[in-house]
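1. any chance you could fold what I've pasted below:
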Amino acid sequence: MTVATLLYSNAQVRDELKVNRDMLKVSRDELRVSQEGQITDRYTAAVENLGNEAMDVRLGGVYALQRIMQDSRRDQPTIANVLASYVRAHAIRPPSESSREVPADALAALKVLVNRNPRLDGDFTLDLRQTHLAGVDLNTSLLGKPGRCANLELVNFRGADLTSADLTGVLMHEATLQGTNLSKANMRGADLTEATLIGTKLKDARLFDADLTGVFISGATLANADLGLAALRSARVFAVDLTHARLRGADLRGTSFHLSDLRGANLESANLMGANLMTARVAKAQVLSAVINSKTLLPQVLFRDRDVQRRIADVEALIRKDPDHFSKEAPTPFICSSPAGGSVR
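-> Below is the predicted model:
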C-alpha cells in the first residue's frame, strides 16, 4: 500500500467521523427541542388545570407542576413563582370562623414549595404575603417524611396568619415576618437567624431551642412565649413585650433589649453577658438569676446594687477558672434534613 493511499484512507476516516459527529449533534438538538416542546405542553396543561373548578383536577395540576420542576431544573424558578401566586390567591382569609381550614389545593402547592431544592431557585424569592395558613402543619405530615425541614428561607410572610401553625425545625433564615401572626405557633428548633420581626405576634409561641441569632425584633409581642435554650445572640430587640416569657438557659449574649418589657420573664441561667438592658424593664431578682458580667449593661439602679455586683464577681471568677464555663453549647435534640440534602439544625 502506497503512502498516498494511506493518506487518502486517513482523510476519508476523518471526514466520516466529522459527518457522524455532525449527525449526532443534529440528533441531540432535535431531541432537546422535542423535550422542550413536551415540557412546554405539559406546563401549559398543568397551568390550565389550576383554573379548573374541580378540586381533584386542580390538585393534579399542582403535582404535574412539581413533576415538571423535577424534570426540568431550569424551570424551577418559574414554576415556584406560579405556585406561590396560587397559594396567595387560594389561602386567603376565610369569610367566617367556620371556614378556617386551609384549602387542600393551597396546601398541596405549599408542600411542593417547601420541598423544593433552594439551590435551583435562581432569582426566585418565596412570597407568601397576606396568606391565611392558621394551623398549617409544616412539620412531618405536610412534608411526608419524618425529620424533613420545611425550607422557607428568605420567605416574605408579611401580614400572614400562622396562628397555631406547626413550624417545628422550619428553616426561615432572613425571613420577613412583619405583622405576621404566629401566636401559639410551635417553632421548636426553628432557624430564624437574621430574620426581621416587626409588629410580629408571638404570644404563647413555642420557640424552645430555636435559633434567632442576629434577628431584628421591633414592636413585637412575645408575652408568655417559650424561649428556653433559644439562641438570641447579637440581636436587636426594640420595644418588645417579653412579659412572662420563658427564657431559661437562653443564650442572649450581646443582645440589646432597648425599651423592652421583661417583667415576669424567667431569666434563670440565661446568658446575658455583654447584653444591653439599660432601658429594659427588668427586676433585680431576674438579673440575679441570670448569667451577667461587667460588660452587661444594666439600669444604673441595678448595676450599683451590691448583690448584683457580687453576682458579676462570682460569674467572672468562674470564667477565670474555666473560660468556656458559660460558652458550652447545650446539646441540640432536634436534627432534620433539608430538601437539598444534608443535616440541618
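2. so which residues of this structure form helices?
-> Using DSSP state H, the helices assigned to the chain run over residues 3-50, 55-71, 76-90, 104-115, 284-289, 300-303, 306-321.
3. of the ones you listed, flag the one that's most buried.
-> Highest mean neighbour count among those (mean count of other C-beta atoms under 10 Å): helix 104-115, with a mean of 22. Where C-beta positions appear, they are placed from N, C-alpha and C, glycine not excepted.
4. and that one with helix 55-71, angle?
-> The directions of helix 104-115 and helix 55-71 differ by 10 degrees, with axes from the mean of the first three to the mean of the last three C-alpha atoms, to 10 degrees as the criterion.
5. got the angle for helix 104-115 vs helix 76-90?
-> With the same axes, to 10 degrees as the criterion, the two stretches helix 104-115 and helix 76-90 enclose an angle of 140 degrees.
6. low-confidence stretches in the stretch 151-300 of the chain?
-> Applying pLDDT under 70 to the stretch 151-300 of the chain picks out no residues at all.
7. now the strands for it?
-> In chain order, the stretch 151-300 of the chain shows strands spanning 196-198, 216-218, 236-238, 256-258, with DSSP state E, counting those that start in this stretch as the criterion.
8. report the strands that pair with the second one, each with its relative direction.
-> Strands adjacent to strand 216-218 in the sheet, as given by DSSP bridges, are strand 196-198 (parallel), strand 236-238 (parallel).
9. for it, buried residues please.
-> Within strand 216-218, the residues that qualify as buried by neighbour count (16 or more other C-beta atoms under 10 Å) are 217-218.
10. now do that strand: distance to the chain's middle.
-> 16 Å (C-alpha atoms, centre = their mean, to the nearest Å).
11. also stretch 106-117?
-> Between the centre of stretch 106-117 and the centre of its host chain there is 14 Å, according to C-alpha atoms, centre = their mean.
12. output it in CSV, but only the C-alpha positions, please.
-> Listed in CSV are the C-alpha atoms of stretch 106-117, where the atom choice follows Å, rounded to 0.1, in the frame of the first residue of the first chain:
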residue,chain,number,x,y,z
ALA,A,106,-53.3,25.5,48.5
LEU,A,107,-51.7,23.0,51.0
ALA,A,108,-50.5,20.9,48.1
ALA,A,109,-48.9,23.9,46.4
LEU,A,110,-47.3,24.8,49.7
LYS,A,111,-45.9,21.3,50.1
VAL,A,112,-44.2,21.5,46.7
LEU,A,113,-42.7,24.8,47.6
VAL,A,114,-41.3,23.8,51.0
ASN,A,115,-39.9,20.6,49.5
ARG,A,116,-38.1,22.3,46.6
ASN,A,117,-34.3,22.4,46.3
